[in-house]
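Novice: Here is a sequence with its predicted model. Questions after.
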Amino acid sequence: MDTLQNMRVFMRVVEAGSFTGAAQHLNTTTAYASRAVSDLEAHLRTRLLNRTTRRIALTEAGERYLQRCEQILAYVDQAEAEAGDAHARPSGRLKVHAMTSFGQHYVVPAVGRYQQLYPEVQVDLTLAQRMPDILDEGYDVALVLATDLPDSGFVSQRLTSAFSIACASPAYLERHGVPQTPRDLANHRCLQMVTPVFPASQWQFTGPEGEETIDLGAAPFQVNVAEAAAVAVREGMGVGLLPIYSAIGGLRSGELVWILPEYKSQEMNVYAMYPSRQYLDAKIRTWVELLRESLPATMAEDQTELRQFART
């Protein structure tokens with residue numbers, strides 16, 4: 001039995017004053033309207049309407065039940081309107097996960113632009129150096145940097161790509177010389193940024209001679225956040241592979257020098273992942289659309305600026 005539907009029929013019968021009038025309003029048959037009310041009464045084991053051949057009248061129990069039906073169905077209608085509106089208009093809380101340094105440089109500014117467009121959305125951004133469990137942790141969207149994604153059953157959209165560059169401080173290069181090829185790094189202090197994607201003891205380069213993998217051995221210093229790695233490199237502790245967004249500030253100030261500029265390293269794709277494509281909430285849809293439109297351009301601007309810092 002569809003209790004909610006039967007409650008609606010019951011309310012319409014009372015409003016119309018007859019089963020026939022209710023049936024006409026609901027575009028159904030008198031028999032259907034009568035059976036709906038009878039099913040309710042059988043379910044409740046209570047008479048709701050007294051019937052004669054000419055009229056109907058609410059019983060005392062029917063009057064109380066009618067009031068409850070009005071309240072319940074008003075809540076149901078409100079809930080359906082809110083749920084339907086979520087598909088059409090961005091509002092409510094958007095829970096986002098992103099890698100720490102990437103999120104600081106690119107996601108936080110994107111949130112600012114998004115909320116200018118959709119001020120009714122509250123954004124809850126978590127930055128961490130791990131892959132979240134989207135369902136268990138309740139994230140709407142996770143921004144993931146990876147070479148590729150395992151088959152997870154989630155929806156994923158590739159937004160753009162990123163890569164790292166080799167950097168050192170001027171003081172370090174003055175003391176130890178400038179590496180000319182990736183193989184020269186065997187004679188340098190190589191600081192390692194530990195990530196879930198790339199082996200901690202290897203650096204992978206793509207350059208004029210194709211792909212090269214350099215085995216580094218034990219690192220004098222390793223850390224899991226790009227910003228901390230950039231600080232270590234600026235302090236002259238060694239050579240580091242830094243994402244562009246973590247290196248660009250030091251390159252501008254002269255605290256960092258880009259070495260091996262003809263080589264890129266640790267190339268990764270940037271993905272937006274979310275649980276489902278069906279009945280996609282408007283806040284998720286518009287957030288991913290904004291990232292897809294703005295993120296490639298913003299990162300391309302950094303890569304264009306990077307060229308002026310090339311040192312051969």
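Specialist: Received the coordinates, thanks. Remember, it's a predicted structure, so these values are computed and weren't measured experimentally.
Novice: just the helices in the protein please.
Specialist: For the chain, the helices defined by DSSP state H occupy 3-16, 19-26, 30-44, 60-88, 100-102, 108-117, 134-137, 170-176, 226-234, 244-253, 282-306.
Novice: Could you report the separation of the nearest residue to Leu4 once chain neighbours are set aside from Glu289?
Specialist: Spatial nearest neighbour of Leu4, excluding adjacent residues (CB to CB, 6 or more residues apart in numbering): Val76 at 6.4 Å. Quick note: C-beta positions are derived from backbone N, CA and C, even for glycine. From Val76 across to Glu289, the span is 32 Å (CB to CB, to the nearest Å).
Novice: re the thing from before, looking at the helices of the chain, which one has the lowest mean pLDDT?
Specialist: Sorting the helices of the chain by mean pLDDT places helix 60-88 lowest, at a mean of 77.
Novice: helices or strands next to that one in the packing?
Specialist: helix 3-16, helix 282-306 (3 or more CB pairs under 8 Å, 6 or more residues apart in numbering; DSSP states H and E).
Novice: Using neighbour counts, pick out the buried residues of that helix.
Specialist: For helix 60-88, the neighbour count (16 or more other CB atoms under 10 Å) marks Gly62, Tyr65, Leu66, Cys69, Ala86 as buried.
Novice: which one of those sits closest to Leu127?
Specialist: The shortest approach to Leu127 among the buried residues of helix 60-88 belongs to Ala86, at 25.8 Å (CB to CB).
Novice: Can you verify my assumption that Glu120 contacts Tyr114?
Specialist: No: using CB atoms under 8 Å, Glu120 is not in contact with Tyr114; the gap is 11.3 Å.
Novice: Compare the two and say which is more crowded by neighbours.
Specialist: Between Glu120 and Tyr114, counted using other CB atoms under 10 Å, the more crowded position is Tyr114 (23 against 10).
Novice: Quick check: closest non-adjacent residue to Thr147.
Specialist: Spatial nearest neighbour of Thr147, chain neighbours left out: Met268 (5.9 Å); criterion: CB to CB, 6+ apart.
Novice: Report the contact partners of that neighbour.
Specialist: Each residue near Met268 by CB atoms under 8 Å, 6 or more residues apart in numbering is listed here: Leu145, Ala146, Thr147, Ser161, Ala162, Phe163, Val197.
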